[in-house]
Structures are given as structure tokens and as C-alpha cells.
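Trainee: Fold the following, please.
(2 chains)
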Amino acid sequence: MNLSRRDFLKLTGLVAASTALASCAPANRLLAPLANVAWPALAAADFLALNQLTFGPNAEERVRFSQIGLAAWIEEQLAPDAIDDFGCELRLRNLGTLGMSASDLFDVSDQIFDNVDRLKVPQELRQATLLRQVYSRRQLFEVMTEFWSDHFNISTEKGDCYYLKTVDDREVIRRNALGSFRDLVWASAHSPAMLVYLDNQANTKGAPNENYARELMELHTLGVEAGYSQQDVMELARCLTGWTVKEHFWRGQFTFDEKVHDLGAKRVLGLEIVEAGQAEAERVIERLAEHPAAARFVSTKLARRFLADDPPAEIIGKAAQTFEQTHGDIRAILRVILLDGLDPKGFQKPLGSVPSKYKRPNNFIASALRALNAETDGGDAVQEYLLRLGHVPFNWPTPDGYPDRAQAWQGNLMPRWQFAFALAQNEMKGTQVELPKLMDTIGARTFEESADQITSLLLGSSLGTSARDELLAALRSAGADETESLRIFTAGILASPAFQWR
Amino acid sequence: MTLQTLTDYTLHAPWMPRLAFTPKTSASRGDTLVVIFLRGAADVLNLVVPHGEDAYYALRPTLGIPRPDDPKSKLRTLDLDGFFGFHPALQNLLDAWNEKQLAIIHACGAPDESRSHFKAMELMERGVDDAKGPATGWIGRHLATLDTGNASPLRAVGVGEMPQRSLSGTVPVSALRSIADFHLNGDERAVAQMRSALDTLYSGNDPFSVLGQETLGILDILQKLDPTSNRPLSTLQYPLSDFGLALQQVAMLIKADVGLEVAAVDLGGWDTHFAQGSTEGLMANLIRDLGDGLAAFHAEMRDHMNRLTIVTMSEFGRRAAENGSLGTDHGHGSLMMLMGGNVRGGQVHGTWPGLGSAQLVGPGDLAVTTDYRDVLSEILVKRLNNPALADIFPNYQARGLDVLK
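Mentor: Numbering: from 1, shown residues only, chains lettered A, B, ... in the order given. Okay, the predicted model is just below:
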């Protein structure tokens, strides 16, 4: 039998995938059941801070946080490699496509089973994304990964992005999520997924395509109000002619195609660019990544993610200053935003203990799963709720990324209530919560104690007696035994206004 | 913690600014308005083709839609008035055109010249010239300034997963993706308990609780509808797309008479920088989705057309000349379609600025000769009985167009 290179890769890919599956089965058995940990009640400000830094705190994080406090917890999270994350990695082991190269991803997803395989790679990436958000102990890293995935948004629906995004996620976003902004923009500009998503592979001499050049300035670095002109967009597009993606051999690799590069000098943002091939756009990228407008634009978005839709101007200013001083050191910028914004002892106390951010759908879902110590496969059933809520990972069509303001997400409560109802009753395939076990862990004996503990788990501290009794009375009026009622009580707290905010 | 802190989000919901003005006008309900936003900046020169302009074919040697009488092409422009014509994928919309229930306003748009999708969409949905204007949406301000005596939670809906920016304001508006999915599923007693919990949890007077109450109200209304009934009698089928599904939900709500006054529907994917195609291909498929959807809606809602106005809009148009990758880059002038029983239909309205090099603006774009707010203002005044244009489009003086009866 004569195997072509591609057939060979398909086979090895399949063998690798099946080996991973086989070796993973016992590992998965080792995982279950999840260890239940008793959770401490937290002060409102602490619960709020922990909510901003994670996809919703679980019991283990509450324990750690109450031991070491906010500043130390942030430092610990800013060094994710030092945090043991074996449990999460085990859960990802049967997702064989996560670590593959672009050409292997193309081979395993191309035509083995017609179009079905085209779905496999993005599906695994979506599943991995949710599993990491729920199970990774490197929570701040995952929050930042999501932040940059929106900032450098790529939809897997566009052309070859269905397999190239997996590489972008690994090599661009995750590699640089807590590194330097300059490296991130640089990597993104050389990322085949981004070049395909924003049509730069079609940007050639005499036939410019402005799409990527425009968004590189408008969305990735400077912001729309920075004062660049249509002329700047067109000149940057000229610099970027020839930045493209290899086909056939080394498929899916970045390449600079000199033959279609527009020769001659260019002028971008007042910068004279002498003819230098690939280095022309790279010079502009260096400039954009350290531009004061980028410092401001990125600092504003970061503060919006962690603090409030309209974050305090002082914090933005200080973060932007740090951005400029450190040449875009993401950790340094985060320290300013998180310590000043979340620490009641920070230079300003803008938030106090009042939730200021509406949870985006995946945040709502992950926070419920995390707090209740749910066992989930991150698969189709739970992803269906993300679809109904309009928040499937890597599925936002336009390059601005999923919105980060309450206004965009309010007004679609029904699927949240449906999720809460299905989760608490264990009616979602592939996802399980064990309320009795949780109640054993915390030592709740009476129904009222259990209700108080569920509230503490989901909202930080217990409801007052009268509020709890009012809610319980509402349930009893609809007639139910206690086990059933605890499930609906839990669903109710998950569906409550308070749980929608962080 | 009290139930109050658990439920009351008055202070924490800055997304819903307090009413800056009370409703100024009481009036009977006018038409149901369906606002369709073509997101991504639709290439209107290939949607409604100026086939009478030689410059069009010079600018678009490969993407141009062949003249109606081009003997070399099977698929070609469907002539409307000797100068403009439909893209061939709009074939099914010709009925509405011929019945004079469909009008085009060409070279429409906004003054914004950023050529940024996101800035242009935001300004257009807010109905303002710059960032300084009100943060609410133009439809939101319409709802807030007009008292129609309609307390239905379905007075306005955003079809899809997120309510459109245009809807935001003091009147809570929900997103509705699918009527069939809008319910709590499960054991009857558990559903009753959950309902009871939700009633308690969302009993406050703050905006977020009110939004929850509205959602519960919608649940009650939709439970009584049978999404499988009301099948269209027409032979025209809706496209099997999100857009087709969305229009079917709107049709069902209108027929069920649940108090719908405004529905916002999106059709995305129009950012065709690359390989948009000509008579066939990527953009032709989008146009077919749009045309077939509108045609099926028109056919199904024939008996309701006298109380219906449908308008399409897009944030801007695309460059008049095709780019080197068989696509088009960001431009300026766009167009709007108007459909309904009271539209001055069968006509292309507006002033055609021409495609000559001296007539194009900026880097070579169709000029804007009609502000989109002129069209919307006429709808508001003539069909929705709302004269509060100064609130809805602040600092803008609308120009009468006479595109509606």
C-alpha cells in the first residue's frame, strides 16, 4: 500500500487520538468524584473581588483567598505556571486536536468523513475552552485568555479559521495572555488565522484589501478615536501586502510573499516607511503596540473587564501610564487595575461591595458549575445553552469580539432560567451536581441550613432568615417535599438577579 | 443579606438610565414596525444595481451585475425603472415591487465618515451624530415618548440572542430567539415551584426586576401560542436560515395579536472584502436570504400589510470600485428598503448622486444624498403616530421625503 504524506498524517492523527482516548479512560475515572471542600463565608468585598478575578469562585479558591488575601492571591495567579493544574489537564487529554500543528489539523479535519470532520476541531476547542474556564486553577490566566480572544476576535466560521483558530488560541493568545502586549500584537499579526479572518491573504500589490489594516488600528491597538485617517489605513494596507498563509506544503504557516508586495515608500501615522519588505509592516506594528492611544485603549478595555462598564478615569489613566512605562507589560498593568480597583485599601475605592458587572453568558454558566462543584464534560448539552444565550466561543462573526457591557446582554433572561432549572435538577446530559454531597461536606443538617449554605455558596454569604423564609414559603406554596425544594431553591438562587451580576 | 439586596438592582443597573422625559404623546397604536439591520455594510450597488450608469461597469469589471439586456449572461439585473434593477437573487421580491408595496431609497446613509462598522452602527442605532448624544437607542426613545396604552411585554422585541442597541432605553425589551424554546421544560410541579420562586425573586420595582417580570409576562403569553400552527398558506417558503426563522417569529407574534409594535431583526455577514461574487456566490446567497425572507413574509402577511411597515438599513455602503480580491472595501452611501401597505412603492426614491469620479466621495464612495433619519422620521410620524422627533433624533432636522402615505 502506498500512503501519501497526507494519508499518513491522517492515520497517525487518528491513532494518536484513539491512544489518547484509551489512556484517558482510567484517568477520567480517577477524576471522579470531585473533591468537595467546605467553603468559608466571605466578606462582600472579598466575594466580589474573587468574582472579578475568576469565572466565579469555587470552594477551594474561597479557602485559599481567605488564607492569603487579595494581593497575594493576585500575585499567585499572575504566575500561572507555578500553579499545579494537573486536574484540568487530565480533562483535556482526550481532546487530541488541541496540540496539533496547522497542517495536521487540516489533515485530520479534511474529508475523512466529509464535512463532519470540519466540525471536530472547533468543537474540541469550544469544549476545551469551557472545561478550562470551569476547572483550571489558573483562573486569572483563563480570564485573560478570554479577554484577548475577544480583543483579537476570530470566528471559526470564516474560511480556514475552522482549524487555524486552534493554533492561534495556543500560540498567540494563550502563549502571550500574561506577557507583553507588543508580543501579543506581533504574534497576532503573524497568525494565519487572523490573516485569513481579516482577508489579508488577499491583500496584494495593485489590489489592496484594507480589512486587516483597518482593524489592526481600530480594534487591536489605537481605537477608533485615535485620529488616524483613511489614508493611514490605505498606507498600512500597502505595507501589509504579501503577508499571507502557505497553501499545499506547510499549509497554514505564515509566509511573506515578496512577489505581491507593493514596493516603494509608505507613510503611516506620520512615520516614513522605507522599502523593506516584511519589515515595513513590522515597523508599524512596533509603533502601534507602544502608541499612547493603544495604552489608553487597552487599559480602558481591561478596566472594563475587571471593574465596571464605565471604569473610573483615574484607574484608566494610571494603567495607561504603567502601560507606557513598561512597554505594555500585561502583568504590571493588571496589578494597577486589580489592586487599585478591587482592594478596599487601594488608591481609590470605586466599587465597594456592590456588583458592577453583568455576567456574560459563559461567566454565568461557568460560575454556576464552579460554585456547585459540578462534573461536566463541557459538551453539546451545556454548549446548547451558550448558543441560546448567544455566546458560543469563537463564534462572534465581527472582529470587535463579544461585547463586554451589560446593555448588550440584558434582556435574554429566559435561557439563564432554563439553564438554572436544568442544572439544579440534573437534567442536562453530561453535567451533574450532587447537592446532598455538598450539604454533607458543609455539615448542613436541616433544610433551612442547607438553603443558607447554598446561598452562601452562590452569593458569598447567607440570606437573612426572613428573606430565606419568604423564598421557601413561595416554594412550599407550590407544593414540594424538601429534597425537591432544595433543588428548586438552588435553581432559584442561580436564576436570581443577584447571581446575574458580579 | 436581605431579599431586597438579593433582588433589588436599581443602583447597580446603569444600563437603564432613568427616564429623562415622560411620554409626551398619547396616541393610538400605528403600524407594527419591523427594522431589519444588514450588519457589515451591505454592498448596495450590487443589491439595487444602477445598470444605467456606464461608470458602474467600469468600476466593477468582474463584480458588476450584467445589464438587464446583456445577451451573454443568463443571470442579470432585473430591471425596475430603466435605470436601476434588482440583483437577480431578489427575483422573489418582484411581486411586492409590482404590487407597489416595496420602495427603495438609494444613496441613503449617515454623515459619519469613519468607515468603521462599529462606530457607524452604534451611532446609527442610537440615532445620533456623535458620541455626545443620548446613550439610548432611537427605537427605545420612540417607545419612551409615545404612550399607546399598550402594556404588553412584547411591545418591542429584539429577535435573536441580544436585544439590538437601537432598542435600549427606559422601556425594557427582551430578546426572543424562538417562540418554541421560550418556556420552562419539565415536571409540572417543579415548573410551578420554579415559577413561584421567580415571581418572588423578581418582585422588585428596580429595572432589572421589571425586566424579569416582563420575561415572565412573555412566558405567559407565548405558552398560549402554538408555534406549529399558523403555517403560512402561501407557497413561498422562508429560507432555512436564522433570518428566515426570525421573520417567522415576527409573523407569528403579529398574527397572535400580542401587542407587538416594533421588532428588530438582524441579518449579518455583509462585510464582503473578499470573494463576494457577482450574480452567484457569497453575496448572492446573502441577497437571496434577504429577498426570499422578505418575499415569504410579504406573502404570509398579505392581509396585515396595511398595518405593517418594514424597513432595512445598513451602517454604510462599500467602495464603488471592486478591490483586488473580488470584493469591496468600506464605503459610504447605502440604501434603505421600505415595504408595507402604505409605502409609495414600485419606485426608487432619493437623489442619485452618480458614480463619476467627480461625484464619488472620499476614497471613491457613493455619496449620501438622503439621511437615514429622514426615512425613519417619516415612518415615526406617519405610520407610528409619534411626533417626538426632537427626542428621538436630537439635533437633527428631518427633511420630508414623501415615501409613505
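
Trainee: residues in contact with the residue of the stretch 51-200 of chain B found nearest chain A?
Mentor: Proximity of the stretch 51-200 of chain B to chain A (C-beta to the nearest C-beta) peaks at residue B:161, 2.6 Å away. Every residue, glycine included, has its C-beta placed from N, CA and C. By C-beta atoms under 8 Å, 6 or more residues apart in numbering or on different chains, residue B:161 lies in contact with A:388, A:389, A:390, A:391, A:412, B:175, B:177.

Trainee: In a helix, the fifth one, correct?
Mentor: In other words, residue A:412. No. Under DSSP: H, G, I helix; E, B strand; the rest coil, residue A:412 sits outside any helix and is assigned coil.

Trainee: ok so, going back, redo the contacts of residue B:161 as JSON lines? Include secondary structure and distance to residue A:229.
Mentor: Formatted as JSON lines, the contacts of residue B:161 follow (DSSP: H, G, I helix; E, B strand; the rest coil; distance: C-beta to C-beta, whole Å):
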{"residue": "A:388", "secondary structure": "helix", "distance to residue A:229": "42"}
{"residue": "A:389", "secondary structure": "coil", "distance to residue A:229": "39"}
{"residue": "A:390", "secondary structure": "coil", "distance to residue A:229": "34"}
{"residue": "A:391", "secondary structure": "coil", "distance to residue A:229": "35"}
{"residue": "A:412", "secondary structure": "coil", "distance to residue A:229": "38"}
{"residue": "B:175", "secondary structure": "strand", "distance to residue A:229": "37"}
{"residue": "B:177", "secondary structure": "coil", "distance to residue A:229": "40"}
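
Trainee: burial measure for whichever residue of chain B sits closest to chain A, as a count.
Mentor: The minimum distance from chain B to chain A, using C-beta to the nearest C-beta, falls at residue B:324 (1.4 Å). Residues lying near residue B:324 (other C-beta atoms under 10 Å in any protein chain shown) number 16.

Trainee: quick one: it and residue A:202 touch, right?
Mentor: Yes. With contact defined as C-beta atoms under 8 Å, residue B:324 reaches residue A:202; the gap is 7.2 Å.

Trainee: Give the residues shared as contacts by these two.
Mentor: With contacts taken as C-beta under 8 Å, 6+ apart, the residues that reach both residue B:324 and residue A:202 are residue A:209.

Trainee: circling back: separation between the residue of the stretch 51-200 of chain B closest to chain A and residue A:412?
Mentor: 6 Å (C-beta to C-beta, to the nearest Å).

Trainee: Then residue A:431?
Mentor: From residue A:431 over to residue A:412 the distance is 21 Å, taken as C-beta to C-beta.

Trainee: any common contacting residues for residue B:161 and residue A:412?
Mentor: Residues within reach of residue B:161 and of residue A:412 at once, by C-beta under 8 Å, 6+ apart, are A:389, A:390, B:175.

Trainee: residue in the stretch 1-150 of chain A nearest to chain B?
Mentor: Of all residues in the stretch 1-150 of chain A, residue A:44 sits closest to chain B, at 8.4 Å by C-beta to the nearest C-beta.

Trainee: how much space between that residue and residue A:360?
Mentor: 22 Å.

Trainee: ok, and what's touching the one helix or strand residue A:317 maps to?
Mentor: Taking DSSP states H and E as the criterion, residue A:317 maps to helix A:313-325. Residues outside helix A:313-325 that contact it (C-beta under 8 Å, 6+ apart) are A:181, A:290, A:292, A:294-296, A:298-300, A:302-303, A:307, A:329, A:332-333, A:335-337, A:340-341, A:347-348, A:350.

Trainee: Buried only: go through the residues you listed for me.
Mentor: Applying 16 or more other C-beta atoms under 10 Å in any protein chain shown to the contacts of helix A:313-325, the neighbour count classes A:181, A:290, A:294-296, A:298-300, A:302-303, A:307, A:329, A:332-333, A:335-337, A:340-341, A:350 as buried.

Trainee: Just give me the closest of the contacts of residue B:161 to residue A:494.
Mentor: When the contacts of residue B:161 are compared for distance to residue A:494 (C-beta to C-beta), residue A:389 wins out at 13.7 Å.

Trainee: how far away is that closest one from chain B?
Mentor: Using C-beta to the nearest C-beta, to the nearest Å, we find residue A:389 at a distance of 6 Å from chain B.

Trainee: residue contacts, that residue?
Mentor: Contacts of residue A:389 by C-beta under 8 Å, 6+ apart are A:361, A:364, A:365, A:412, A:415, A:416, B:161.

Trainee: Same check on residue B:371?
Mentor: Contacts for residue B:371 (C-beta under 8 Å, 6+ apart) come out as B:108, B:109, B:110, B:111, B:396, B:398, B:399.

Trainee: Just the buried residues from these, in ChimeraX please.
Mentor: To isolate the buried ones among those in ChimeraX, judged by 16+ other C-beta under 10 Å, type:
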select /B:108,109,110,396,398
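
Trainee: would JSON lines of the contacts of residue B:371 with secondary structure and distance to residue A:226 be doable?
Mentor: Shown next, in JSON lines, are those (three-state DSSP; distance: C-beta to C-beta, whole Å):
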{"residue": "B:108", "secondary structure": "strand", "distance to residue A:226": "29"}
{"residue": "B:109", "secondary structure": "strand", "distance to residue A:226": "24"}
{"residue": "B:110", "secondary structure": "coil", "distance to residue A:226": "21"}
{"residue": "B:111", "secondary structure": "coil", "distance to residue A:226": "20"}
{"residue": "B:396", "secondary structure": "coil", "distance to residue A:226": "27"}
{"residue": "B:398", "secondary structure": "coil", "distance to residue A:226": "32"}
{"residue": "B:399", "secondary structure": "coil", "distance to residue A:226": "33"}
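
Trainee: Make CSV from the contacts of residue B:371 and add pLDDT and distance to residue A:439 to it.
Mentor: Shown next, in CSV, are the contacts of residue B:371 (pLDDT from 0 to 100; distance: C-beta to C-beta, whole Å):
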residue, pLDDT, distance to residue A:439
B:108, 97, 62
B:109, 97, 61
B:110, 95, 58
B:111, 92, 62
B:396, 95, 60
B:398, 95, 63
B:399, 94, 68
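
Trainee: ok so, going back, where does the residue of chain B closest to chain A land in three-state SS?
Mentor: Taking three-state DSSP, the label given to residue B:324 is coil.

Trainee: Grab the nearest non-local neighbour of it.
Mentor: Of all residues beyond its chain neighbours, the one nearest residue B:324 is residue A:207 (1.4 Å), with distances taken as C-beta to C-beta, 6 or more residues apart in numbering or on different chains.

Trainee: likewise residue A:413?
Mentor: With C-beta to C-beta, 6+ apart as the criterion, residue A:413 has its nearest non-adjacent residue at 4.7 Å, and that residue is residue B:215.
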